[in-house]
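S.K.: Build me a model:
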Amino acid sequence: MIRQINPEEVPGAYLHKFLLGSIAPRPIAFASTIDALGRPNLAPFSFFNAFGVNPTTLIFSPSRRGRDGSTKHTYQNLKEVPEVVIGMFCTTYQNLKEVPEVVINVVTYEMVHQTSLASTEYPKGVNEFVKAGFTPEPAVKIRPFRVKESPIQFECKVRQIIETGDGGGAANLVICEIVLIHSDEDVLGKDGLPEPYKIRLVGRVGGDDYVKAFDEGLFEVKKPGANPGLGIDQLPDCIKYSKILTGNNLGQLGNIDRIPSKEEATRMSWNTDVRFMMKRYAGYTEELSHEIQLFAKKLLDNGWVQNAFELLMWDCYQKEKGSQTS
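M.R.: This next block holds a predicted model:
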């Protein structure tokens with residue numbers, strides 16, 4: 001049964017939680033800013049991602065608070081001078097301007113609890129570096145501080161802020177351009193790129209839940225190669241309509257660029273496990289085919305896609321030969 005939800009008919013708090021639980025996992029932008037008086041602020045945001053490299057484009061959203069539509073300190077630092085500053089220091093600081101610069105620090109498993117603590121709504125001017133126990137490091141090209149404990153830090157200039165509304169929960173899209181990247185060598189592989197098992201990133205899910213981007217949470221999906229894959233629609237019916245293979249399994253097979261020949265498929269018939277099944281289910285065509293497909297699924301689930309495809313095609317060729325002789 002499908003539930004239909006009209007965003008205009010449900011409370012904003014419910015909709016917010018529903019989106020967070022549905023659109024996940026989300027990377028975390030641990031944003032370091034300073035206000036017009038040079039006071040640091042540090043806060044995490046999971047409405048965040050990378051969107052381009054020419055120019056480099058990172059976007060995160062310090063959305064308005066759902067309960068009253070008020071803005072967060074990060075947004076205020078990037079966009080406007082707080083009214084209390086203008087009111088108290090209008091004579092001395094009448095030329096104060098916002099500081100449209102931010103360091104976006106990545107969040108690892110080793111710092112996730114401290115990062116969560118920094119999300120506390122402390123009063124304006126409270127230093128989250130101190131409250132959450134992080135070490136401020138000077139940036140090179142911008143004014144806000146970097147978080148020393150984060151293995152990769154992006155110094156960014158803010159190109160634009162898109163305000164989607166002024167009500168509770170409205171997004172403020174902060175569009176940033178990277179001007180300098182700091183990376184700990186220990187999280188990089190030989191190719192100079194971050195390795196998941198070394199950097200140990202975490203992401204946000206719904207409620208109080210997070211997810212690890214390493215260990216058991218990591219799995220591989222081969223991208224389509226230079227030669228376009230067959231597509232599921234071009235798979236033989238004996239494979240496409242299997243009651244054992246899943247949609248994911250068919251997707252793996254559809255990523256191969258050609259159907260194995262009879263000669264290639266025959267190679268798998270000499271596999272020790274296949275020979276055992278052939279002997280055990282001799283004379284029982286349907287039972288043998290069932291076991292063959294189970295074995296092929298096991299191969300697919302373990303990444304042996306070409307071998308699985310050859311085995312499944314051998315099964316198809318056997319069925320075709322049987323239908324011709326019956």
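S.K.: What ranges does the stretch 151-300 of the chain have for its helices?
M.R.: Applying DSSP state H, counting those that start in this stretch to the stretch 151-300 of the chain gives helices spanning 196-199, 237-240, 247-254, 262-267, 272-280, 285-301.
S.K.: May I see these arranged in JSON lines, with distance to residue 17 as well?
M.R.: In this view, the C-beta of every residue, glycine as well, is placed from N, C-alpha and C. Shown next, in JSON lines, are those (distance: least, Cβ to Cβ, whole Å):
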{"stretch": "helix 196-199", "distance to residue 17": "28"}
{"stretch": "helix 237-240", "distance to residue 17": "39"}
{"stretch": "helix 247-254", "distance to residue 17": "28"}
{"stretch": "helix 262-267", "distance to residue 17": "51"}
{"stretch": "helix 272-280", "distance to residue 17": "48"}
{"stretch": "helix 285-301", "distance to residue 17": "33"}
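S.K.: what's the closest of these to residue 229?
M.R.: Within those, the stretch nearest residue 229 is helix 247-254; the backing value is 5.3 Å (Cβ to Cβ).
S.K.: re earlier: looking at the helices of the stretch 151-300 of the chain, which is nearest to residue 71?
M.R.: For the helices of the stretch 151-300 of the chain, proximity to residue 71 was assessed by Cβ to Cβ; helix 196-199 is nearest, at 31.8 Å.
S.K.: what sits up against the closest one?
M.R.: For helix 196-199, contacts defined as Cβ atoms under 8 Å, 6 or more residues apart in numbering pick out 106, 108, 151-152, 186-189, 213-215, 218.
S.K.: go again using 10 Å as the cut-off
M.R.: With contacts defined as Cβ atoms under 10 Å, 6 or more residues apart in numbering, helix 196-199 is touched by 106, 108-109, 151-152, 183-189, 193, 212-215, 217-218.
S.K.: List buried members of these by neighbour count.
M.R.: The neighbour-count test (16 or more other Cβ atoms under 10 Å) applied to those identifies 106, 108, 151-152, 183, 187-188, 212-214 as buried.
S.K.: Next, format these as JSON lines and append pLDDT and distance to residue 50.
M.R.: JSON lines is the format used below for the buried ones among the contacts of helix 196-199 (pLDDT from 0 to 100; distance: Cβ to Cβ, whole Å):
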{"residue": "106", "pLDDT": "97", "distance to residue 50": "11"}
{"residue": "108", "pLDDT": "95", "distance to residue 50": "17"}
{"residue": "151", "pLDDT": "97", "distance to residue 50": "16"}
{"residue": "152", "pLDDT": "97", "distance to residue 50": "12"}
{"residue": "183", "pLDDT": "96", "distance to residue 50": "15"}
{"residue": "187", "pLDDT": "96", "distance to residue 50": "17"}
{"residue": "188", "pLDDT": "95", "distance to residue 50": "17"}
{"residue": "212", "pLDDT": "94", "distance to residue 50": "20"}
{"residue": "213", "pLDDT": "93", "distance to residue 50": "14"}
{"residue": "214", "pLDDT": "93", "distance to residue 50": "19"}
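S.K.: And the residues you listed, which two are furthest apart?
M.R.: Farthest-apart pair in these is 183 and 212; separation 20.3 Å (Cβ to Cβ).
S.K.: Need the phi and psi values for residue 111.
M.R.: Residue 111 adopts backbone torsions of phi -130, psi 10, taken as degrees, to the nearest 10.
S.K.: so what's the closest residue to it other than its chain neighbours up against?
M.R.: Nearest residue to residue 111 in three dimensions, chain neighbours excluded: residue 149, at 5.1 Å (Cβ to Cβ, 6 or more residues apart in numbering). By Cβ under 10 Å, 6+ apart, the residues touching residue 149 are 30, 105, 107-108, 110-111, 114-115, 132-135, 137.
S.K.: quick one, strands of the protein?
M.R.: With strands called from DSSP state E, the chain shows them at 29-34, 40-45, 48-53, 56-60, 101-105, 136-137, 146-147, 152-163, 172-183, 202-204, 210-212.
S.K.: As a markdown table, the ones you listed with distance to residue 273 would be great.
M.R.: Formatted as a markdown table, the strands of the chain follow (distance: least, Cβ to Cβ, whole Å):
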| stretch | distance to residue 273 |
| --- | --- |
| strand 29-34 | 49 |
| strand 40-45 | 49 |
| strand 48-53 | 44 |
| strand 56-60 | 49 |
| strand 101-105 | 50 |
| strand 136-137 | 56 |
| strand 146-147 | 52 |
| strand 152-163 | 45 |
| strand 172-183 | 46 |
| strand 202-204 | 38 |
| strand 210-212 | 34 |
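S.K.: Count the neighbours of the closest residue in space to residue 134 that isn't next to it in sequence for me.
M.R.: By the measure of Cβ to Cβ, 6+ apart, the closest residue to residue 134 outside its immediate chain neighbours is residue 147, 5.1 Å from it. For residue 147, the count of nearby residues is 27 (other Cβ atoms under 10 Å).
S.K.: pretty sure residue 147 is touching residue 111, no?
M.R.: Yes - counting by Cβ atoms under 10 Å, residue 111 is a contact partner of residue 147 at 8.0 Å.
S.K.: Spit out the contact partners of residue 52.
M.R.: 58-59, 177.
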